[in-house]
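**Q** return a 3D structure for these sequence lines:
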Amino acid sequence: MMQNKFKGMGVALVTPFTADGNVDYVALEKLVQMHLDCGTDFLCVLGTTAETPTLTIEEKREIRKRVIKQVDGRMPIMVGIGGNCTRAVVEELQNEDLTGVDGILSVAPYYNKPVQEGIYQHYKAVAQATDLPIYMYNVPGRTGVNILPSTVVRVANECPNIVGFKAASGNLAQTKELIDMAPANFDVFSGDDSLTVDIMEAGGVGVISVFGNAYPQEMTALVRAMQEGRVSDARNQHDRLNELFQLIFVDGNPSGIKALLNIHGKVDNVLRLPLVPACDDTYSDLQQAITML
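**A** Prediction:
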């Protein structure tokens, strides 16, 4: 098993857009700098929160290149590379310049609805396509399939560069089962901000956070408390932040977190279709909730 570079509070980075719908590279640079300054442990680039399905190949390359150059080795970078065509994922891993990338987040094949054997074969092929560490990503609400713990363990035992898992199923019992079954040094991250304390208490190593886009210091404080065994402090922080954890998902992700970032003046409140900005009521609720922090 490879040594895992990713621990603690990682951020699933948004992709800012300008009012005319282009990638806002100036805002992106400012966001990355904020995370460098605030002590974010790592960045997850081009994941779900980045609206990656709406980005062109050229935009994805440019975002990856710019973030890697700016970070310059000061924190690990995880990059999302996944899809529902195994051959295409393999070819992307083999052909793209991934210099400066420390790990791959690869979502379960979506839309096709493969059985567990198909999921196993998919990840086995993906693992063979690269020497980089790979983190499986389970988000059934988006993909239409659920990666069972037995499948994760089977892949992890056979593929030494499958080193971790992002759990975004909302199923805490299943995540705990995986943590109990997983081989040594296989890391499980929370993919749900609101479940981070529970998953870390069960043995998870951190979170790949949406909320951390806007409040990296607050989310880092929660994770640090768990890392240091201060569970009551972490739960108090959770209780303080939980209304915002819920609100940013009322109108879907990343609509909520982009609204929150817009309230703070960090990005334009622009998404690419078929996603649209959070509704006025949600925006107002977010404005009210941040006054309570």
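
**Q** from the contact counts, what lies against the helix or strand in which Gln33 is found?
**A** Per DSSP states H and E: Gln33 is located in helix 25-38. Counting contacts by 3 or more Cβ pairs under 8 Å, 6 or more residues apart in numbering; DSSP states H and E, helix 25-38 packs against helix 57-71, helix 216-227. Glycine gets a C-beta too; all of them are placed from N, C-alpha and C.

**Q** could you redo the last one with a cut-off of 6 Å?
**A** helix 216-227 (3 or more Cβ pairs under 6 Å, 6 or more residues apart in numbering; DSSP states H and E).

**Q** Asp193 contacts Gly206, doesn't it?
**A** No - the pair Asp193 / Gly206 is not scored as a contact, 11.5 Å apart, by Cβ atoms under 6 Å.

**Q** for Ala234, give me its contacts.
**A** Going by Cβ atoms under 6 Å, 6 or more residues apart in numbering, Ala234 touches 197, 222, 225-226.

**Q** which of the residues you listed has the most neighbours?
**A** Leu222 (28 neighbours; other Cβ atoms under 10 Å).

**Q** residues contacting it?
**A** 234, 237.

**Q** which stretches in this structure count as strands?
**A** Counting by DSSP state E, one finds strands in the chain at the ranges 8-12, 42-45, 77-80, 103-107, 134-138, 162-167, 187-190, 206-209.

**Q** just say which of these is most tucked in.
**A** Of all the strands of the chain, strand 206-209 carries the top mean neighbour count, a mean of 29, counting by mean count of other Cβ atoms under 10 Å.

**Q** quick one: strands adjacent to that one?
**A** Strand 206-209 pairs in its sheet with strand 8-12 (parallel), strand 187-190 (parallel), by DSSP bridges.

**Q** touching the first one from outside, list them.
**A** Where contact means Cβ under 6 Å, 6+ apart, the residues beyond strand 8-12 that reach it are 35, 40-44, 47, 49, 206, 208-210, 212-213, 219-220, 223.

**Q** low pLDDT regions in this protein?
**A** By pLDDT under 70, the weakly predicted segments of the chain are 1-2.

**Q** could you export the lengthiest helix in it as CSV, CA atoms only?
**A** Longest helix in the chain, counting residues (DSSP state H): helix 231-247. What follows is helix 231-247, C-alpha atoms only, in CSV (Å, rounded to 0.1, in the frame of the first residue of the first chain):
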residue,chain,number,x,y,z
VAL,A,231,-14.6,15.1,20.1
SER,A,232,-16.8,17.4,22.3
ASP,A,233,-15.1,20.5,20.8
ALA,A,234,-15.7,19.1,17.3
ARG,A,235,-19.3,18.4,18.0
ASN,A,236,-19.8,21.9,19.3
GLN,A,237,-18.2,23.3,16.1
HIS,A,238,-20.5,21.0,14.1
ASP,A,239,-23.6,22.3,15.9
ARG,A,240,-22.4,25.9,15.2
LEU,A,241,-22.0,25.2,11.5
ASN,A,242,-24.8,22.7,10.9
GLU,A,243,-27.4,25.1,9.6
LEU,A,244,-25.0,26.2,6.9
PHE,A,245,-24.1,22.6,6.2
GLN,A,246,-27.7,22.0,5.4
LEU,A,247,-28.5,25.3,3.6
